[in-house]
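Asker: take a look and give me a structure for this.
(one chain, ligands or ions: 1)
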Amino acid sequence: MSLLREAERCVANQKSHVALNAFITALQPSGQWREQVKNAALRTKQGTPKSKVDGRLIAIKDNICTRDLPTTCASGILEKFTSPFHATVVEHLEDAGAVVAGKTNLDEFGMGSHTVHSRFGPVKSSRQDLDTESLSAGGSSGGSAVAVATDQCYAALGTDTGGSVRLPAAFTGTIGFKPSYGLISRWGVVAYANSLDTVGILGRNTASVRDVFNVVNRHDPRDPTNLSPFSRSRIHSYLQSPSYASRLASTPLRIGVPTEYNISELHPSIRRAWSRSLAYMRKQGHSIHAVSLPTTKLALSAYYVLAPAEASSNLAKYDGVRYGTRYGGPDSDGQSEGNLYANTRGYGFGSEVKRRIVLGAFSLSADAMDNYFIQAQRVRRLVQLDFDAVFRTKQPLLSPGSHTESAPNHTGVDILICPTAPSPPPRISKLINSDIAASPLDAYMNDIFTVPASLAGLPAISVPVTVSDEHQDSSDAGLAGVQIVGQYGDDELVLKVGELLESRKF
Ligand code: GLN
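Answerer: Sure thing, here's the model as predicted:
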């Protein structure tokens with residue numbers, strides 16, 4: 001299909017799927033995008049495309065800054081904010097000829113697992129159960145996932161702090177990739193929890209995700225946590241050494257199955273998808289090994305101490321004076337209508353964000369610091385050590401010197417395969433109807449399998465697979481997300497294994 005026709009179809013889909021609420025700012029049918037796509041089509045015809053995404057429509061999560069469209073973070077506090085600059089990732093995409101396909105809906109500031117905590121209303125998945133009830137799109141990048149699933153864009157950027165790209169991918173049947181922490185620039189990405197925030201990519205297949213990744217995976221001196229060119233080339237030469245370069249190409253993989261992930265709460269359809277994926281990989285000649293990640297059971301609690309702690313600090317600047325929409329406070333005659341900070345923050349933030357601010361402020365307070373924040377940091381270190389103990393490759397950033405000389409851990413595994421989420425998506429009505437709504441803890445539970453890779457900064461991808469002999473409880477029963485996690489820097493291997501499993505029917 002021609003680039004222009006593809007783009008026109010996406011824009012038409014944005015209009016026809018408006019009820020799904022995937023976009024906060026969608027494209028105007030008469031907008032500039034048409035010219036941009038036409039130019040790209042011409043370049044492609046002449047054999048000089050700028051990149052593999054030249055002329056492709058890429059949706060941007062609305063916590064990533066764009067110069068021409070507002071960046072609201074789905075919050076009342078940034079309701080009218082337009083950034084004076086593009087985030088580095090948006091700059092890279094535009095330089096590569098991609099066209100911004102609009103700004104997608106999210107949980108406010110990225111906090112949530114179902115994209116129901118948005119000032120602009122919840123996102124609905126296009127998936128429904130047999131009673132035609134809409135299912136959760138996952139969160140917090142639910143808008144990006146639904147936009148991809150319903151062909152409203154070619155691919156989308158999301159952010160993944162504890163699973164926000166992978167969970168929506170699993171719930172919508174799309175691919176969601178969270179690269180190693182520090183590979184993609186966070187400059188211009190509104191911070192939720194800096195030490196965990198990672199820009200991720202959603203697409204309908206791994207090939208499109210890789211194409212976007214190749215464009216944005218570049219050093220950015222403006223982001224101090226971004227990997228330096230030196231570290232990048234060190235990782236590259238380590239993984240190009242003969243013991244690793246042949247993985248998948250000629251050497252079968254050693255695949256790890258973390259036993260701690262086989263929890264009793266695992267939904268039977270998810271367990272089936274997991275075991276059939278492993279059986280498939282074994283049939284392809286790879287070997288399967290049980291591994292133990294003993295700190296897994298503490299990871300979720302540690303995450304929900306650390307992420308709110310960083311959030312409460314990050315969000316302190318939205319006070320109506322330095323940043324953010326001002327609500328209440330003194331009027332032009334100097335008459336006070338209450339406290340400016342309280343009004344601004346009370347009205348501007350939604351309930352989930354307020355909960356995180358209070359949680360974070362508590363765990364950072366003098367009385368609680370040692371028991372919560374410091375303990376959680378220790379757990380985070382143990383989670384990282386657990387992963388390092390099972391992988392064949394070493395954490396390339398931790399051990400100085402040339403890795404090419406260090407002996408590989410022969411009993412280690414190349415990759416881990418596990419579920420993305422413990423259960424299929426719940427109904428939206430169950431999440432937003434206050435009479436039957438589940439507690440916040442139930443939403444936090446969805447992140448149990450995604451959070452460990454975030455705490456360790458590892459690359460991970462969620463790919464959809466379908467298992468056939470399901471009890472029919474939804475129109476596409478048996479669709480589940482399988483997660484592949486690799487050692488730090490092993491992003492290419494994660495993508496390759498994703499490619500092997502994506503959209504398999506077992
Ligand atoms: N659901 C998790 C949270 O609410 C993860 C969010 C994310 O990755 N942005 O914090």
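
Asker: contact partners of the worst-scoring helix or strand of the chain on mean pLDDT?
Answerer: Lowest on mean pLDDT, DSSP states H and E among the helices and strands of the chain sits helix 440-445, with a mean of 84. Residues from elsewhere that reach helix 440-445 (C-beta atoms under 8 Å, 6 or more residues apart in numbering): Gly112, Ser113, His114, Glu265, Leu300, Tyr304, Glu352, Arg355, Pro422, Leu431. C-betas here are computed from N, CA, C, even on glycine.

Asker: for those residues, which ChimeraX command selects only the ones that are buried?
Answerer: Only the buried entries of these go into this ChimeraX selection, using 16 or more other C-beta atoms under 10 Å:
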select :112,113,114,300,304,352,422,431
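
Asker: if we can go back for a sec, could I have the least confident helix or strand of the chain exported to PDB, CA atoms only?
Answerer: Taking only C-alpha atoms (Å, rounded to 0.1, in the frame of the first residue of the first chain), the coordinates of helix 440-445 have been written out as PDB:
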ATOM      1  CA  PRO A 440      -5.900   0.300  44.000                       C
ATOM      2  CA  LEU A 441      -3.900  -2.800  45.100                       C
ATOM      3  CA  ASP A 442      -5.700  -5.000  42.600                       C
ATOM      4  CA  ALA A 443      -4.400  -2.600  39.800                       C
ATOM      5  CA  TYR A 444      -0.900  -2.700  41.300                       C
ATOM      6  CA  MET A 445      -1.000  -6.500  41.100                       C
END
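
Asker: what comes up buried for that helix?
Answerer: For helix 440-445, by 16+ other C-beta under 10 Å, it's Pro440, Ala443, Tyr444, Met445.

Asker: following element in sequence after that helix, please.
Answerer: Proceeding C-terminally, helix 440-445 gives way to helix 451-456 as the next helix or strand, assigned by DSSP states H and E.

Asker: hmm, who's touching that following helix?
Answerer: Defining contact as C-beta under 8 Å, 6+ apart, one finds that helix 451-456 is touched by 160-163, 178, 196, 198, 293, 295-296, 299-300, 302-303, 306, 379-380, 383-384, 386-387, 459-460, 483, 485, 488.

Asker: now find how far off-centre the following helix or strand past that helix is within its chain.
Answerer: As assigned by DSSP H and E, the chain's next helix or strand after helix 451-456 is strand 460-466. Using C-alpha atoms, centre = their mean, to the nearest Å, the mean C-alpha position of strand 460-466 is found 13 Å from that of the whole chain.

Asker: how about stretch 439-453?
Answerer: With C-alpha atoms, centre = their mean, you get 14 Å for stretch 439-453.

Asker: what of stretch 424-443?
Answerer: With C-alpha atoms, centre = their mean, you get 21 Å for stretch 424-443.

Asker: tell me how far the ends of it are from each other?
Answerer: 13 Å (C-alpha to C-alpha, to the nearest Å).

Asker: please point out which parts of it sit buried.
Answerer: Buried-residue list, stretch 424-443, by 16+ other C-beta under 10 Å: Pro424, Pro425, Pro426, Arg427, Ile428, Leu431, Pro440, Ala443.

Asker: for the closest residue to Thr161 other than its chain neighbours, give me its contacts.
Answerer: Nearest residue to Thr161, sequence neighbours excluded (C-beta to C-beta, 6 or more residues apart in numbering): Leu196, at 4.6 Å. With contact taken as C-beta under 8 Å, 6+ apart, Leu196 is in contact with Thr161, Gly162, Tyr181, Tyr303, Leu306, Ala307, Glu310, Ser454, Leu455.

Asker: and for Gly350?
Answerer: Gly350 neighbours (C-beta under 8 Å, 6+ apart): Ser75, Gly76, Glu108, His117, Ser118, Arg119.

Asker: the closest residue to Asn217 other than its chain neighbours: neighbouring residues, count only.
Answerer: Closest residue to Asn217 apart from its sequence neighbours, by C-beta to C-beta, 6+ apart: Leu183 at 5.3 Å. Using other C-beta atoms under 10 Å, Leu183 has 22 other residues around it.

Asker: what do you get for the one 3 residues further on?
Answerer: Around Arg186 there are 24 other residues, counting by other C-beta under 10 Å.

Asker: can you tell me which residues contact the residue of the stretch 351-500 of the chain found nearest the ligand?
Answerer: Closest contact between the stretch 351-500 of the chain and the ligand, by C-beta to the nearest ligand atom, is at Asp447 (4.8 Å). Listed by C-beta under 8 Å, 6+ apart, the contact partners of Asp447 are Ser113, Gly162, Gly163, Leu167, Leu300, Tyr303.

Asker: can you redo those residues as CSV with distance to Arg282?
Answerer: Listed next are the contacts of Asp447 as CSV, based on distance: C-beta to C-beta, whole Å:
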residue, distance to Arg282
Ser113, 32
Gly162, 30
Gly163, 27
Leu167, 27
Leu300, 30
Tyr303, 32
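
Asker: that older thread, any part of the least confident helix or strand of the chain near the ligand?
Answerer: No. Using C-beta under 6 Å from any ligand atom, helix 440-445 stays clear of the ligand, coming no nearer than 7.0 Å.

Asker: among the contacts of Leu196, who's most crowded?
Answerer: Gly162 (32 neighbours).

Asker: for the helix ranked longest in the chain, packing partners?
Answerer: Criterion DSSP state H: the longest helix present in the chain is helix 296-314. Judged by 3 or more C-beta pairs under 8 Å, 6 or more residues apart in numbering; DSSP states H and E, the packing partners of helix 296-314 are helix 351-363, helix 375-390, helix 440-445, helix 451-456.

Asker: just say which of those helices is most tucked in.
Answerer: Using mean count of other C-beta atoms under 10 Å, the stretch among the helices and strands packed on helix 296-314 with the largest mean neighbour count is helix 451-456, at a mean of 28.

Asker: distance between that helix and the chain's centre?
Answerer: 12 Å.

Asker: for the residue in the stretch 251-400 of the chain that the ligand sits nearest to, give me its contacts.
Answerer: For the stretch 251-400 of the chain and the ligand, the shortest gap (C-beta to the nearest ligand atom) falls at Ala307, measuring 5.0 Å. Neighbouring residues of Ala307 by C-beta under 8 Å, 6+ apart: Thr161, Gly162, Tyr192, Ala193, Leu196, Arg356.

Asker: give me that answer again for 7 Å
Answerer: Thr161, Gly162, Ala193, Leu196 (C-beta atoms under 7 Å, 6 or more residues apart in numbering).

Asker: CSV for the residues you listed, including secondary structure and pLDDT?
Answerer: Output for those, formatted as CSV (DSSP: H, G, I helix; E, B strand; the rest coil; pLDDT from 0 to 100):
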residue, secondary structure, pLDDT
Thr161, coil, 98
Gly162, coil, 98
Ala193, coil, 98
Leu196, coil, 98
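
Asker: before we move on, the earlier item: the contacts of Asp447: which ones sit near the ligand?
Answerer: Applying C-beta under 6 Å from any ligand atom to those, those adjacent to the ligand are Ser113, Gly162, Gly163.

Asker: distance to Pro396 added to those residues, as TSV?
Answerer: Below are these laid out as TSV (distance: C-beta to C-beta, whole Å):
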residue	distance to Pro396
Ser113	31
Gly162	23
Gly163	24
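
Asker: how about the buried residues of stretch 424-443, which pair is most distant?
Answerer: Pro424 and Pro440 (20.0 Å; C-beta to C-beta).

Asker: now Asp54: closest residue in space, sequence neighbours ignored.
Answerer: Gly97 (3.2 Å).

Asker: and the one you found, how far is that from the ligand?
Answerer: Distance, Gly97 to the ligand, by C-beta to the nearest ligand atom, to the nearest Å: 29 Å.

Asker: what's the local residue count around that residue?
Answerer: When neighbours are counted by other C-beta under 10 Å, Gly97 registers 22.

Asker: confirm it sits in a strand?
Answerer: No. Under DSSP: H, G, I helix; E, B strand; the rest coil, Gly97 sits outside any strand and is assigned coil.

Asker: what sits against it?
Answerer: By C-beta under 7 Å, 6+ apart, the neighbours of Gly97 are Ala40, Pro49, Lys50, Ser51, Val53, Asp54, Gly55.
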